[in-house]
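> what's the 3D shape of this:
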Amino acid sequence: MNYRNYITIEPNKRGGKPCVRGLRITVYEVLEYLASEMTEAEILDDFPDLTREDLKACIAYAADRERRLMTAPIRA
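Numbering: from 1, shown residues only. You can find the predicted model right below:
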């Protein structure tokens, strides 16, 4: 999945936060809905502009961002 085809960042939209396909729905919001145990079907029903691919793109974006984070070693 190439999330770059789905996730956009526009400085004047939603404070420059990553959004889905230029919509005003942020990646953070989609991830928060999924984390709150909403099903894909519930999210898609509530937001008819979203697709299943959009949801997967949000997860892929978050995974890539997490992978890129620098972490400090944990000391025991």
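
> From now on I want contacts and neighbour counts done on CA atoms only, so please keep to that.
OK.

> Return the list of helices and strands in contact with the lowest-mean-pLDDT helix or strand in the chain.
Within the chain, no helix or strand scores below helix 52-68, which has a mean of 94 by mean pLDDT, DSSP states H and E. In terms of contacts (3 or more CA pairs under 8 Å, 6 or more residues apart in numbering; DSSP states H and E), helix 52-68 is packed against strand 7-8, helix 27-35, helix 40-46.

> Give me the contacts around the first one.
Residues from elsewhere that reach strand 7-8, judged by CA atoms under 8 Å, 6 or more residues apart in numbering: 18-22, 27, 57-58, 61.

> again with stretch 32-48
50-52, 55.

> Ranking by neighbours, what's the top pick from these?
Leu55 (21 neighbours; other CA atoms under 10 Å).

> got the contact list for that one?
By CA under 8 Å, 6+ apart, Leu55 lies in contact with 30, 40.

> How about Asp54?
6, 20.

> Figure out which of the helices and strands packed on helix 52-68 is closest to Leu69.
Nearest to Leu69 among those is helix 27-35; the distance by CA to CA comes to 16.6 Å.

> buried set for that closest one?
For helix 27-35, the neighbour count (16 or more other CA atoms under 10 Å) marks 27, 30, 34 as buried.
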